[in-house]
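J.: Give me a model of this one.
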Amino acid sequence: MRTFNGIDDFARHVGEEIGVTEWRTITQADINAFADVTNDHQWIHVDTERAAAGPFGTTLVHGYLTLSLVSGFMFDTYRVDGLSMGVNYGSNKVRYPAPVLAGSRVRGRIKLVDLDRQENWAQSTVQVTVEQEFNGEAKKPGCVAEVVSRLYEAPGTPPSS
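T.: Purely as a prediction, here's the structure:
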């Protein structure tokens with residue numbers, strides 16, 4: 001966990017990789033739970049027998065499940081002190097360069113791409129690359145997303161130096 005002493009300290013790291021998370025395995029139970037929440041029960045995700053005979057030899061993780069991990073990867077990697085709150089403002093780009101197979105290990109590689117400083121807040125753009133391994137072999141990233149957040153300073157927060 002990397003800690004930044006306010007928005008100005010965070011801004012000094014634009015263009016830098018700011019951290020990499022621990023590996024996490026995505027299980028069939030995770031995929032099934034996501035399917036239940038989103039009502040996306042496409043066979044390629046939940047039918048293990050049919051998927052075993054399909055083009056990937058197993059079920060695939062939903063793209064949106066992979067994307068949903070991005071937020072937690074950011075929380076696991078860094079924090080900016082002196083904020084009253086941070087809010088998700090959206091995404092500039094989201095791509096899925098390669099499918100993520102059930103049983104894959106994934107982790108987030110986090111880079112601060114941009115920070116637009118305003119008087120009492122800032123808008124940050126963070127690139128999160130979801131790296132993956134399957135059966136011990138590195139694969140192409142499962143997702144690359146640019147996440148935009150609004151960071152609001154807590155009232156009375158002194159400027160960082």
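J.: Quick one: list the elements packing against the helix or strand encompassing T66.
T.: Following DSSP states H and E, one finds T66 within helix 63-77. Contacts defined by 3 or more Cβ pairs under 8 Å, 6 or more residues apart in numbering; DSSP states H and E place helix 63-77 against strand 17-20, helix 28-38, strand 105-117, strand 121-134, strand 137-153. Backbone N, C-alpha and C define where each C-beta goes, glycine included.
J.: quick check: mean pLDDT across that helix?
T.: Helix 63-77 carries an average pLDDT of 97.
J.: Okay, buried residues for that helix please.
T.: Using 16 or more other Cβ atoms under 10 Å as the burial criterion, the residues of helix 63-77 that qualify are 63, 65-67, 69-70, 73-74, 76-77.
J.: What of stretch 116-130?
T.: So, applying 16+ other Cβ under 10 Å, buried residues of stretch 116-130: 121-122, 124-130.
J.: With stretch 17-30 instead?
T.: In stretch 17-30, counting by 16+ other Cβ under 10 Å, buried: 18-19, 21, 24, 26, 28, 30.
J.: How about stretch 48-68?
T.: Buried, per 16+ other Cβ under 10 Å, within stretch 48-68: 51, 59-63, 65-67.
J.: Out of the helices and strands packed on helix 63-77, which gets nearest to V46?
T.: helix 28-38 (5.2 Å; Cβ to Cβ).
J.: So, low pLDDT: which residues of the chain?
T.: For the chain, applying pLDDT under 70 flags the ranges 157-161.
J.: that older thread, so which of the helices and strands packed on helix 63-77 comes closest to S91?
T.: Across the helices and strands packed on helix 63-77, closest to S91 is strand 137-153 (Cβ to Cβ), at 5.6 Å.
J.: Restrict the closest one to CA atoms and write it as CSV.
T.: This file holds the C-alpha atoms of strand 137-153, laid out as CSV (Å, rounded to 0.1, in the frame of the first residue of the first chain):
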residue,chain,number,x,y,z
GLU,A,137,1.9,-19.2,-17.7
ALA,A,138,1.8,-15.5,-18.2
LYS,A,139,-0.9,-14.4,-20.7
LYS,A,140,-1.8,-11.1,-22.4
PRO,A,141,-3.6,-8.7,-20.1
GLY,A,142,-7.3,-9.5,-19.5
CYS,A,143,-8.2,-5.8,-19.2
VAL,A,144,-6.7,-2.4,-19.6
ALA,A,145,-8.8,0.5,-18.2
GLU,A,146,-8.3,4.2,-17.7
VAL,A,147,-10.3,5.1,-14.6
VAL,A,148,-11.2,8.7,-13.9
SER,A,149,-11.8,9.7,-10.3
ARG,A,150,-12.7,13.0,-8.5
LEU,A,151,-10.7,13.6,-5.3
TYR,A,152,-12.1,16.1,-2.9
GLU,A,153,-9.9,17.6,-0.1
